[in-house]
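*Asks:* quick one: sequence plus predicted model below, questions after.
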Amino acid sequence: MAVLGPNRYGKAETRVVRVTRHGDAHRIKDLTVSTSLSGDMTEVHLSGDNSAVLPTDTQKNTVFAFAKKHGVGAIEDFALLLARHFVDSQPAIHHARVAVEEHAWERNGAFGHSFVRSGREVRTCVAHYDGTASWVVSGLRDLVVLNTTNSEFWGFAKDEYTTLPETRDRVLATAVDVAWRHADASQDATQDWDKTYENARAALLAAFADTYSLSLQQTLYAMGTRVLAECPGVCEVRLSLPNKHHFLVDLAPFGLDNDGEVFFAADRPYGLIEGTVLREDAPAAGPAWE
Ligand SMILES: O=c1[nH]c(=O)c2[nH]c(=O)[nH]c2[nH]1
């Protein structure tokens, strides 16, 4: 005898670009929005009765309509607006999850209408709303950083398969994928999402640069700790750091020395260092990370 387990449905990766025109100085917000709803969905699964189902096509349309009606400020506000709309307007929907990614553009010269896609990281957020409470996790991915020194890796466990030489000086590089949980994302909390984003980003970069690293794990903890120190409203930080290995190339066959100057930037495999840093008194996460 089978029963229906947890389920949700929505429109994934709606691409929406919102242009705001102030005279000749235009602004753009370039987003990828994914909505996911859950609630009284037993009948649609068991009997095909669609009466509780707000179509994913409607969810996509709502993203575009809200971009026009409400504009797009901080992505967290846009995600919360959508999540609250779906739950508060549809009796059968009890929970909404809205994920937004923001792709950065920069001005192309002095022109108000011309933009160049930035090589910066992608800003991310996920908002949840259940009709009463809200949860928000913000973050970024693909923030690529590299230190040319101040990184060692030695004293590690060894067995019969260990060939890695110990090193007292190596290149340390990673593409930061991080998310931070806001302790309070309730309706009344007055949040400056953009300011927290800039503070968290600056904290991550500073900690990566000024931590003398004995392992990427140690750097990860330093980065998470720094975000908590600089962002009072953040209670938990989750980091995923691929170790983008840079191997010193043996140039001896060519009669050349290589004193930390020429590296082979390996693509894969890569070490993947992941961890969470949180305040001792962090409130329960609820569905925030789902
Ligand atoms: O910082 C590192 N942590 C590891 O766990 C590890 N493992 C490895 O092969 N190189 C590294 N570097």
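*Replies:* The structure has been received and is ready for your questions. All of these numbers come straight from a predicted model, not from anything done at the bench. Numbering: from 1, shown residues only.

*Asks:* what about this structure, any weak spots by pLDDT?
*Replies:* 187-189 (pLDDT under 70).

*Asks:* strands of the stretch 51-200 of the chain, start to end?
*Replies:* Taking DSSP state E, counting those that start in this stretch as the test, the strands found in the stretch 51-200 of the chain are 93-103, 105-107, 115-117, 122-129, 134-147, 172-182.

*Asks:* what does this structure have sitting close to the ligand?
*Replies:* 153, 164, 215-217, 243, 271 (C-beta under 6 Å from any ligand atom). In this view, the C-beta of every residue, glycine as well, is placed from N, C-alpha and C.

*Asks:* who wins on neighbours among the residues you listed?
*Replies:* The residue in the residues of the chain next to the ligand with the most neighbours, by other C-beta atoms under 10 Å, is L216 (22 neighbours).

*Asks:* in three-state terms, label the closest residue to it other than its chain neighbours for me.
*Replies:* Distances taken as C-beta to C-beta, 6 or more residues apart in numbering place I273 nearest to L216, at 4.5 Å, with adjacent residues excluded. At I273 the chain is in strand, as set by DSSP: H, G, I helix; E, B strand; the rest coil.

*Asks:* residues touching I273, list them.
*Replies:* Applying C-beta atoms under 8 Å, 6 or more residues apart in numbering to I273 gives the contacts 216-217, 220, 239-243.

*Asks:* and it, bridged to which residues?
*Replies:* L241 (DSSP bridges).

*Asks:* let's number from 899 now, not from 1
*Replies:* Fine by me, first position is 899 from now on; the one you just mentioned is I1171.

*Asks:* ok so, going back, make JSON lines from the strands of the stretch 949-1098 of the chain and add distance to D1165 and mean neighbour count to it.
*Replies:* Listed next are the strands of the stretch 949-1098 of the chain as JSON lines, based on distance: least, C-beta to C-beta, whole Å; neighbours: other C-beta atoms under 10 Å:
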{"stretch": "strand 991-1001", "distance to D1165": "23", "mean neighbour count": "22"}
{"stretch": "strand 1003-1005", "distance to D1165": "28", "mean neighbour count": "14"}
{"stretch": "strand 1013-1015", "distance to D1165": "23", "mean neighbour count": "13"}
{"stretch": "strand 1020-1027", "distance to D1165": "20", "mean neighbour count": "24"}
{"stretch": "strand 1032-1045", "distance to D1165": "13", "mean neighbour count": "20"}
{"stretch": "strand 1070-1080", "distance to D1165": "12", "mean neighbour count": "23"}
